[in-house]
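Trainee: Sequence first, predicted model second:
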Amino acid sequence: MVSAKDILSDSLRSSVLIIKHKDKLSPDYVPENLPHREEKIKELGFVFRDLLAGDAKDSERVVIVGRTGTGKTATVRLFGKNFEDIAEREYGVKVKYVHVNCYRHRTLYLISQEIANALKLPIPSRGLSAQEVFKIIHEYLDRRNIHLIVALDEFGHFLNTANTEEIYFLVRLYDEISAIIKRISYIFIVNESHSIYKLDRSIRDHIARRLIEFPPYRSMELYDILKYRVDEAFNDNAVDDEVLQFISNTYGYDKGGNGNARIAIETLSLAGEIAEKEGSPVVLLDHAKKANSTINPEIQEIVDSLSYLDLHQLILLKALIRVLNKSKADEVTMGTLEEEYISLAREFNEEPRRHTQVYEYLRKLKVIGIINTRQSGKGMRGRTTLVSLSLPLDKRLDDYIMQQIVVRLKSKA
Ligand SMILES: Nc1ncnc2c1ncn2[C@@H]1O[C@H](COP(=O)(O)OP(=O)(O)OP(=O)(O)O)[C@@H](O)[C@H]1O
């Protein structure tokens, strides 16, 4: 019989909390520092520096372009907040920053209301057109000698849904409002530049004056981003370094991933929850793999894509699973994997492919997202490639691969 003490001890163990600030893992949280986006913040500062001189007259425009999860929103928000502070404290200039999400506010009217709300301007909710609201906003800024930077996030939604007159009004604001000082400047945020370049010149030239590109994150960059989040959100030493290596290698753009920091952070967060649920005091590689297979929407696609693989690619995958199982390790050296592959191919009466071909297979499997590779660091003689599975070692996957091998062998016979 299980003793009451054991039950209590079990339940205490399973309630170990390793995440101390869950909110710091939320997608809306903007940290004080954004590793690898410092240069972008400086570039934004350069675009708006004239506002600090106090006699700025122009409406500045800049386009931020980058795929999803490349830190556009977080960077622009952090810039806006810091720029407001620095303007007031160091230059005695009043700058207000307002962030509008055009997916939620996709008409000119809703955008004008959102800006008025952020400025705490009492505007009657009915009776005024968007154009009139913009005039009121401008007059308010003029009276108080304020410059306004409006970030229009997910601007593509506005371009796709608003009519030409509305787009024209928004971007050519000062053709409609006569002003000595043009107090409203814009940051347009889009996922791809085509949505802007396809526009008529009369509109485009008022948007695309400057462009700042946000490339997808490389694995080293994701590693630093995750490390910083771990320090903020988790208890000390609660996350194994292998977890960070695994997540950053899975999503790093240079490793065939999508370079998306949001998914990387989500995976880290879920791995933490899984570890907590399992009562582990530390987040381990296996937790990260489980989290990855839950979050990564491509997992099903990956499993489906197995049916398109060559017989020898499948054998190589099976060899990887076998050697991982045997060694109870998470990764194997390229040499060990190749030996296992050669012997497995012979078991199936197949002539093993040559080394260069095996390398090519590995590259393909990595692009599909089923395996990870990395160069060994210290502690191994010379540099060698280490190979691991990016999915949890699951019997169903193993069975499925075996089944595919049999199908392929039969069709050859
Ligand atoms: N350099 C970074 N350092 C720390 N956290 C980052 C960094 N870049 C992105 N993040 C985090 O990743 C998540 C996604 O970033 P963000 O929302 O800014 O991306 P985005 O490019 O605006 O994506 P989308 O186009 O989908 O809106 C956020 O939680 C953000 O805080």
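Mentor: All right, it came through fine.

Trainee: Close to the ligand: what parts of this protein are there?
Mentor: The chain comes close to the ligand at residues 27, 30-31, 34-37, 66, 68-74, 191, 225, 261-262, 265, as judged by Cβ under 6 Å from any ligand atom. In short, each C-beta sits where N, CA and C put it, glycine included.

Trainee: Filter those residues down to just the buried residues.
Mentor: 34-37, 66, 69-74, 191, 225, 261-262, 265 (16 or more other Cβ atoms under 10 Å).

Trainee: nearest to residue 168, of those?
Mentor: Distances from residue 168 to those, taken as Cβ to Cβ, are shortest for residue 191 (22.5 Å).

Trainee: from memory that closest one sits against residue 156, does it?
Mentor: Yes: counting by Cβ atoms under 8 Å, residue 191 does reach residue 156; the two are 6.3 Å apart.

Trainee: What pLDDT is listed against residue 57?
Mentor: pLDDT recorded at residue 57 is 80.

Trainee: And residue 303, by the same measure?
Mentor: With respect to pLDDT, residue 303 has a value of 69.

Trainee: Check residue 14 too.
Mentor: pLDDT, read off for residue 14, is 53.

Trainee: quick one: buried residues of the one helix or strand residue 157 maps to?
Mentor: Using DSSP states H and E, residue 157 sits in helix 155-161. By neighbour count on 16+ other Cβ under 10 Å, the buried set for helix 155-161 is 155-159.

Trainee: Can you read off the pLDDT for residue 54?
Mentor: pLDDT at residue 54 comes out at 72.

Trainee: Contact partners for it?
Mentor: Contact partners of residue 54, counting by Cβ atoms under 8 Å, 6 or more residues apart in numbering, are 91-93.

Trainee: Quick check: residue 292 vs residue 241, distance?
Mentor: Counting by Cβ to Cβ, to the nearest Å, the separation of residue 292 from residue 241 is 16 Å.

Trainee: An error on my part: the question was meant for residue 323.
Mentor: Taken as Cβ to Cβ, the span from residue 323 to residue 241 is 23 Å.

Trainee: same thing with residue 266?
Mentor: To residue 241, residue 266 is 19 Å away according to Cβ to Cβ.

Trainee: same thing with residue 193?
Mentor: Note on residue 193: its distance to residue 241, by Cβ to Cβ, is 37 Å.

Trainee: Which one's more surrounded, the two?
Mentor: residue 193 (14 against 11; other Cβ atoms under 10 Å).

Trainee: Phi and psi next, for the closest residue in space to the more buried one that isn't next to it in sequence.
Mentor: Spatial nearest neighbour of residue 193, chain neighbours left out: residue 65 (4.9 Å); criterion: Cβ to Cβ, 6 or more residues apart in numbering. Per-residue torsions, residue 65: phi -130, psi 140 (degrees, to the nearest 10).

Trainee: which parts of the host helix or strand of residue 195 are buried?
Mentor: Element membership for residue 195 (DSSP H and E) is helix 194-197. Within helix 194-197, the residues scored as buried using 16+ other Cβ under 10 Å are 195-196.

Trainee: Check the burial of residue 216 by counting its neighbours.
Mentor: The number of residues packed near residue 216 is 20, by other Cβ under 10 Å.

Trainee: cool, and residue 321?
Mentor: Residues lying near residue 321 (other Cβ under 10 Å) number 18.

Trainee: Same check on residue 311?
Mentor: Residue 311: 17 surrounding residues under other Cβ under 10 Å.

Trainee: In this structure, which residue sits closest to the ligand?
Mentor: Nearest residue of the chain to the ligand: residue 71, at 2.7 Å (Cβ to the nearest ligand atom).

Trainee: next SSE after the worst-scoring helix or strand of the chain on mean pLDDT?
Mentor: Lowest by mean pLDDT, DSSP states H and E among the helices and strands of the chain is helix 299-305, with a mean of 65. Using DSSP H and E, the helix or strand that follows helix 299-305 in sequence is helix 311-327.

Trainee: how about that next one as CSV, C-alpha atoms only?
Mentor: This file holds the C-alpha atoms of helix 311-327, laid out as CSV (Å, rounded to 0.1, in the frame of the first residue of the first chain):
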residue,chain,number,x,y,z
LEU,A,311,13.9,3.8,-49.5
HIS,A,312,17.4,4.7,-48.5
GLN,A,313,16.3,7.9,-46.7
LEU,A,314,13.9,5.8,-44.7
ILE,A,315,16.6,3.3,-43.9
LEU,A,316,18.8,6.1,-42.7
LEU,A,317,16.0,7.4,-40.5
LYS,A,318,15.3,3.9,-39.1
ALA,A,319,19.1,3.6,-38.5
LEU,A,320,19.0,6.8,-36.5
ILE,A,321,16.1,5.7,-34.4
ARG,A,322,17.8,2.3,-33.8
VAL,A,323,21.1,3.8,-32.8
LEU,A,324,19.5,6.4,-30.5
ASN,A,325,17.5,3.6,-28.8
LYS,A,326,20.6,1.5,-28.4
SER,A,327,22.7,4.3,-27.0
